[in-house]
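1. Make a model of this:
(5 chains, ligands or ions: 4)
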Amino acid sequence: ADSSQNGSKTEPSESPSANAQPSNAPKPLDKPVSIKIGYPTQGASMLPLWIAKDTGIFEKYGVKADLIYIAGTPKVQETLNSGAIQVGLTGVDPVGKAKAAGVDSVILSAVSDRTVLYIYGQKSAEKANIAKDLKGKTMITAAEGSLYDHLAKFFIKENGLTPKTDVKLLNMGGEGDRTAAFLKGEGAFYVAAPPTSFKMDEMGYPQLYDFKDKEVLNSGVVMLKDYYDKNPELANAVVASLIEANAYIVNHKEAAIKSISKWTGIDDPALAQKTYDVNVGTLPKKPYVSDKSVQFFLDNSDSEAVRTMKPSDIVDNSLVKALDESGWIDSLYKK
Amino acid sequence: MTVLAKLHTDNVSITYPLKNGEEITAVSGFNMTVNEGEFVCIVGPSGCGKSTMLGAIAGIQHVSNGKIYLNGQPIKGTGRDRGVVFQQASLFPWRTSLENVVYGLELAGVPKNERMAKGRELLKLVGLEAFEHHYPNQLSGGMQQRVNVARALAIEPSLMLLDEPLGALDAQTREFMQLELLRIWKETKQTIIFVTHDIGEAVYLSDRVVVMTARPGTVCETVDIHLPRPRPLEIKRSPEFLEYEKHIWGLIVSEKEREKQRMKIITL
Amino acid sequence: MTVLAKLHTDNVSITYPLKNGEEITAVSGFNMTVNEGEFVCIVGPSGCGKSTMLGAIAGIQHVSNGKIYLNGQPIKGTGRDRGVVFQQASLFPWRTSLENVVYGLELAGVPKNERMAKGRELLKLVGLEAFEHHYPNQLSGGMQQRVNVARALAIEPSLMLLDEPLGALDAQTREFMQLELLRIWKETKQTIIFVTHDIGEAVYLSDRVVVMTARPGTVCETVDIHLPRPRPLEIKRSPEFLEYEKHIWGLIVSEKEREKQRMKIITL
Amino acid sequence: MNSIKIRESASESYGSMKPPDRNTRSEAQDNRKVGPGKRKRSDGFLLNHIGAMTVVVVLAVWEMLYRSGMINPIFLSSPIRIIKVGYQLTQSGVLLDNLLFTLGNFFVGFGLAAVLGIFVGLLMGWYRPLGKALDPFLTAMLGTPRIVLLPLITLWVGVGFSSKVLVVFIAGVFPIILNTMTGVRNLDPNLTRVAGCFGASAIQTFITVALPGSLPQIVSGLRVGIGQSLVGVIAAEMFVSTGGIGYFVAQSSANFNIDRVFVGIIVIVMMGMAITSSVKLLETRLLKHRMD
Amino acid sequence: MNSIKIRESASESYGSMKPPDRNTRSEAQDNRKVGPGKRKRSDGFLLNHIGAMTVVVVLAVWEMLYRSGMINPIFLSSPIRIIKVGYQLTQSGVLLDNLLFTLGNFFVGFGLAAVLGIFVGLLMGWYRPLGKALDPFLTAMLGTPRIVLLPLITLWVGVGFSSKVLVVFIAGVFPIILNTMTGVRNLDPNLTRVAGCFGASAIQTFITVALPGSLPQIVSGLRVGIGQSLVGVIAAEMFVSTGGIGYFVAQSSANFNIDRVFVGIIVIVMMGMAITSSVKLLETRLLKHRMD
Ligand SMILES: Nc1ncnc2c1ncn2[C@@H]1O[C@H](COP(=O)(O)OP(=O)(O)OP(=O)(O)O)[C@@H](O)[C@H]1O
Ligand SMILES: Nc1ncnc2c1ncn2[C@@H]1O[C@H](COP(=O)(O)OP(=O)(O)OP(=O)(O)O)[C@@H](O)[C@H]1O
Ligand SMILES: [Mg+2]
Ligand SMILES: [Mg+2]
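-> Ligands and ions are numbered 1, 2, ... in the order given. Got it, this is the predicted structure:
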């Protein structure tokens, strides 16, 4: 059941496996293991995963990975729970809720801890008196519990208002739906990501806020606790692969853009370049899952059980820590 | 001598398309004139085009060639001026006997009470007053045919087209229906074209009998029936009657022979 | 005197359920015995239960009371030992004439070549050899009926049940078919039960004529026909023949009168 | 004349020896079981309630499977749990609120789909050229995943009541059109001819022949359409909504509350069945002539 | 005898004065337009290609609307753009790869749905008690939004090929069952009786009567089923997949590439139409007796 996407190789100019390995590099698995990795969006934030697959980094570490797109982090978590996939790129909220429902899973590393998201307003809106403008209006955002939803609520609170009472929230499924609703005038404000945001800019809608400085766990590498306990080497190989992919993205712009085109279908070179530029800054060099980036979600969760959890309940940074302390991560960026 | 014909068919030919792109000629060069108030029977061998011709007069059958004039006007489609009793079962299965009988009246906008009363009357006429709430599939073959006749009578058309309407009836019901038909015809002064395969029936009922040749059907001979009216049932045993019967019988038999010849050519 | 009856109906009653939960009795206390190789006709007023009774013998009609024995065994459902020609059109619209005729043979697993040859032979018998590739809707009413007869003959059943099989035929074709039927009957030594509304036909064909009363139908009288066989067509004009006809006619007419009385009671 | 006597006495002997027994009947019934169009008598409780009975059996098996622990309970609820949770939710009014919300969307949308679908289907079946002209669009619309049309719908009618109505409408209307059209095309042509001969106008023929004649197909189209419309309204609520059963299911699913998910599904299914049976009731009333 | 002479001379004069003209025919045609079952002659190019022609007209209107700028172009592509982008994607092989992926899922799933759906539908229509027993499930499944079953399917058969096949199967099978069942139930009971009288076994009656007799309904069930299955496979691919047209559409939609979204939809629709026409071809071959 190999796919067109995963099967066809767009070989980057140079293969990392050809490079001499530093002595502190993590060991590949003794015997290659086939796993399925679920990822929640076809946006460019998943670039490290795609690079790890396209450039053979996964294979180098003995991981034969099938990448499966599963729409939305709750579904990824659900599939993870069912055992149909072994690794899921998902978020704090689903992990917390699954734990509340009785399925323990752990976040092993951060895919990214910064986001590329903006708030747009209708053409009359002004950046200066946003706080006043917001009151009594509607903000369009994604499904309840999603990153968008959290950020929207955060933004409203930042402006001294209460979500839902002061500012209505319109939670909607897809990027296209939200944009359509916004253009139709169903909301005064809306949360958008590239490449939609590029279109909004083109059309002259004012960008009112940029979340680039907000430290939030965009998505993390998640495994079921049981599975992780039984396969620590595999977990380590996956985490290491993604760390190496991050470095590769920074060092090989051309190849990264190629992967973006392939996995997002953005065939306009200029647009792909732009997409690379806005995303490259969100990739953590050392992907620790910080308490702060997790706590943000826990605090804002709509689930009572999740609000009472602590970051340490669902996070395990030990793999990243070991790789960091070996000096290997730093060596990746030295060239 | 300037009598306007009620119906006039002018050299009518009718073909059916076949699968293989060829055509089959069912009726060819059919000429017939029916005057106002006449009772005309059509007889002819099975498959000679009687139903086809009646369909053309009813306006449901496409004419390949020639024209049909009704009251001097070329026929354009169907119309309430012609009542039709089909050879094949054609009652609406989702309507009871009574509802079937009043169908035409309903279309014409006759008020409910009135049309139901009339419907019941007609059902009584055909001896089915006890079956007004039965659906067609609850009636015997002969009963269905009687409902069929009642339905056509209900709209009191000026021209009635009947395609073997009494074919499924037992001899006694049949004679009764023949008498009723003649009575109605006399009362309403309708014009009737009646297809039958019973030569006796044709002679008994008609002013004229049109004898058709085998396919492609055309008029072989038109026999005027000079029997006095009203005609008592006993007339069927009169020598004149039997003479007419024998004559027509002879026409059809010799027709049959000719058909056999033709068949051989066709099947070559 | 210990002749085993081919068919024996023992006090058979048949009712149909009606919408309102009541029942209508179509046949009541029907007793009839048919010997091996006999040709028996059933006549009776329209709606008296002839088709219903034939359906019961065929095994498609549920019997409320009484039993039917075929070769001494109670009937259980349908079977290839009985061939049926239905009153209503019952050809498969998706099969050509030939395909319809060979239907029974196909079911019986007769090889294609063989059954097609046989089918063509039968189509020729009914005068439709030129129409083997026509679909039922491309045939006239009479032609369809002939295909129907051919289909039943094809399986050479030991008991043939024919429900007004020649009703839609013109007089000449009808006589021809009668002769053919008698010829086949003589050759195959089949037993035949034949429903007709033509008393002359019944007398001409049968060893015995079963006359039914009006609904609820039962046997009013059984008339043995002592005419020599083979019977030339001229026999229809013989005094004996006419005597039989008159006798049966009288039975039905007086039946009709009684029915009218009953009707009044029913419709009260 | 001798032979008749023999026969009659034979008949007598048969008749007197075997009183009418019920056996004859059961034999005939064995036979009648094969094939449609046979009349059913009071074969009693079993046959009339066979549908309900199989449901009960299936539910029992389900419950047993659940209790046996063979299935991970975070993926599967059990009938008893569903009833329990469903009862709580009914008490609290949550379920009713959401149900009413959904029903509002559904009835308007599906009502429109039914009326327009039947109308267009009749037209397309009746006027062959029209049918042919629109056939490619019918096929296209039947094959288009309605999900991808959501943004366009949002753009045209926003996200309010009317957008959901439109989704429901679009989801349900095409199967109804197709089935109705098929029904009309397969009418007995004799009957339309009869109507013509009785001087029926086009509209009258439509009403008195096409409509009753294609009713069985129309009803089956409505059944498929109901299903589709329900899917449509639920999907729309799952993606864009502030209420409704779809919203309830999506929310419960995101919270991994499988009992609530199942309660939602069951409510949806029951809703669908209730609506379907009312359509069937209608069919039975309109198709009195078809005994069974 | 006098009267005949008059008539004949009248006939003569009519005959000689008006040669057979084509008018008669067009009159009859006007009439024939109303109602089905009328025979079609070589009414020529127009009627035969009316479907194709309306498609062309609609495409032209669409292109014009797009060019007029009346519709926000970020939500709507135009026929010409679609062709252009479609061509590029075909050249690069992306489209073909995804199409083959989807077709693989579709054919296996729909093939199963068609075979099983027809079979079960025939059985349910034929054996009334069975039909009644299973009817609640049919209604339930027709009314259940398959989307909510996706997680369960994932649970049962994972995320691979078989899960997608199952989705396609579940999406398509129920309308096929329903339509087939309706078709069988509305068979002319006379014909099944005939089969019985000719000694047909249950299976033979099935094959020689139920199947050809309900073919029109089966085909319409297949058409709805094809649509549903296509929607199913696309939806499944949009939500959980490694490839396929649905994946392609989701990807394009997530990245706001509206031209590609439309290319995807068009490919789906064309796929559906191609499959539908092959089914129709089959129907025409099997239903030779219905002229037109
Ligand atoms: N399905 C049915 N439901 C209710 N009543 C029925 C049904 N079929 C037949 N009947 C009734 O049973 C009686 C006998 O019908 P049957 O068809 O046997 O008559 P028949 O003798 O064949 O008449 P015909 O000569 O007109 O064909 C009729 O009164 C008819 O109304
Ligand atoms: N739809 C059709 N397609 C092709 N041929 C047809 C069609 N309908 C009738 N025919 C042919 O036309 C001829 C005349 O048929 P028609 O039904 O008019 O005969 P008929 O005189 O009424 O015969 P019958 O007395 O048997 O009813 C027949 O040979 C028949 O095969
Ligand atoms: Mg005829
Ligand atoms: Mg009868």
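
2. Contact residues of the stretch 1-150 of chain B facing ligand 4?
-> Contact residues, the stretch 1-150 of chain B versus ligand 4 (CB under 5 Å from the ion): B:Ser140, B:Gly141. Every residue, glycine included, has its C-beta placed from N, CA and C.

3. Show me what from the stretch 1-150 of chain B comes close to ligand 2.
-> Neighbours of ligand 2 within the stretch 1-150 of chain B, by CB under 6 Å from any ligand atom: B:Tyr16, B:Ile24, B:Ala26, B:Gly44, B:Ser46, B:Gly47, B:Cys48, B:Gly49, B:Lys50, B:Ser51, B:Thr52, B:Gln87.

4. again, only using 5 Å
-> For the stretch 1-150 of chain B, the contact set with ligand 2 under CB under 5 Å from any ligand atom comprises B:Tyr16, B:Ala26, B:Ser46, B:Gly47, B:Cys48, B:Gly49, B:Lys50, B:Ser51, B:Thr52.

5. Need the phi and psi values for the second one.
-> B:Ala26 adopts backbone torsions of phi -90, psi -40, taken as degrees, to the nearest 10.

6. Please give me every residue in contact with it.
-> B:Ile14, B:Thr15, B:Tyr16, B:Gly49, B:Thr52, B:Arg215, B:Pro216, B:Gly217 (CB atoms under 8 Å, 6 or more residues apart in numbering or on different chains).

7. For the first one, name its beta-bridge partners.
-> Yep, that's B:Ile14 we're talking about. On the basis of DSSP bridges, B:Ile14 is bridged to B:Val27.

8. Domain map for chain D?
-> What automatic domain parsing lists as the domains of chain D is D:23-71, D:79-291.

9. Next, see if the longest one gets close to chain A.
-> Yes. Contact of domain D:79-291 with chain A (CB under 8 Å from any CB of the partner chain) involves D:150-152, D:154-156, D:158-160, D:238-242, D:250-251, D:253-258.

10. Tell me the buried residues within the residues you listed.
-> Those of those that meet the buried threshold are D:150-151, D:154-155, D:159, D:238-241, D:250-251, D:253-258, by 16 or more other CB atoms under 10 Å in any protein chain shown.

11. immediately after the longest helix anywhere in chain A, which helix or strand?
-> Using DSSP state H to define each element, chain A has its longest helix at helix A:232-251. Under the assignment DSSP states H and E, the closest C-terminal helix or strand after helix A:232-251 is helix A:253-264.

12. What average pLDDT does the very next helix or strand once past that following helix get?
-> Downstream of helix A:253-264, the first helix or strand assigned by DSSP H and E is helix A:269-280. Predicted confidence along helix A:269-280 averages 90 (mean pLDDT).

13. same check, this time on stretch B:121-129
-> In this model, stretch B:121-129 has a mean pLDDT of 89.

14. Can you check the distance spanned by it, start to finish?
-> Stretch B:121-129 has an end-to-end distance of 8 Å (CA to CA, to the nearest Å).

15. contact partners of it?
-> Contacts of stretch B:121-129 (CB under 8 Å, 6+ apart): B:97-98, B:101, B:120, B:131-132, B:139, B:143, B:146-147, B:149-150, B:153-154, B:173, B:176-177, B:180, C:263, C:267.

16. Where does confidence bottom out across the contacts of B:Ala26?
-> Among the contacts of B:Ala26, B:Arg215 has the lowest pLDDT, at 72.

17. List the contacts of that one.
-> By CB under 8 Å, 6+ apart, B:Arg215 lies in contact with B:Thr25, B:Ala26, B:Gly47, B:Cys48, B:Gly49, B:Glu259.

18. quick one: is stretch B:176-188 near ligand 1?
-> No. Judged by CB under 5 Å from any ligand atom, stretch B:176-188 and ligand 1 are separated, with a smallest distance of 12.3 Å.

19. I'd like the distance from that stretch to the chain centre, please.
-> For stretch B:176-188, the separation from the chain centroid amounts to 14 Å (computed by CA atoms, centre = their mean, to the nearest Å).

20. And that stretch, what's buried?
-> B:Phe176, B:Met177, B:Gln178, B:Leu181, B:Leu182, B:Ile184, B:Trp185.

21. so which helix or strand takes in D:Phe174?
-> Per DSSP H and E: helix D:161-185 holds D:Phe174.

22. need the next SSE after that helix, C-terminal direction.
-> Counting by DSSP H and E, what follows helix D:161-185 is helix D:189-197.

23. Who are the packing partners of that following helix?
-> If you count contacts as 3 or more CB pairs under 8 Å, 6 or more residues apart in numbering or on different chains; DSSP states H and E, helix D:189-197 packs onto strand B:82-85, helix D:202-205.

24. Tell me what angle it forms with helix D:161-185.
-> Helix D:189-197 runs at 100 degrees relative to helix D:161-185, counting by axes from the mean of the first three to the mean of the last three CA atoms, to 10 degrees.
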